[in-house]
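A.B. asks: Next come a sequence and a model predicted from it.
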Amino acid sequence: MNCLEARKYINDFIQGNWEEEQCESFLEHMESCKDCREELRITHMIYEGLQSLEGEQEELQLEKSYQNLIEEANFFIFQNHFFRGLRIVVHSLLFWAVFFSAWYSLYGFIG
């Protein structure tokens, strides 16, 4: 992801509109680009400030809120990777279960 794409995604990211690949690419870009990271922090600060003015938050804790946002996004990515891997394992086990069931029903137990 380049700076232009990252800056277009900042509002969606802050609002939690995450898609796995885009979110992962965005976070990688944020790690390496100081300017975009600063833009994310400023936009997040504005968003949180507006939320506190609307009365949706009792106390404004910008740094904690920012860290929570990043942690939640990283957990979202971890979850997606984990469940994708789990799905592959389950599909593989099902394949082998069906394969050996068919083998046994056709040829019986050879041992």
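C.D. replies: Perfect, thanks for sending it. Numbering: from 1, shown residues only.
A.B. asks: for the lowest-mean-pLDDT helix or strand in the chain, packing partners?
C.D. replies: Ranked by mean pLDDT, DSSP states H and E, the weakest helix or strand in the chain is helix 34-53, scoring a mean of 89. Secondary-structure packing of helix 34-53 (3 or more CB pairs under 8 Å, 6 or more residues apart in numbering; DSSP states H and E): helix 3-14, helix 20-32, helix 62-107. No exception for glycine: its C-beta is placed from N, CA and C like everyone else's.
A.B. asks: Just send those back as CSV, with mean pLDDT too.
C.D. replies: Shown next, in CSV, are these (pLDDT from 0 to 100):
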stretch, mean pLDDT
helix 3-14, 93
helix 20-32, 91
helix 62-107, 91
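A.B. asks: For Glu39, find the nearest of these.
C.D. replies: Closest approach to Glu39 among the helices and strands packed on helix 34-53 (CB to CB): helix 3-14, 6.0 Å.
A.B. asks: what about that closest one, distance to the chain center?
C.D. replies: Taking CA atoms, centre = their mean, to the nearest Å, one finds helix 3-14 lying 15 Å from the centre of the chain it belongs to.
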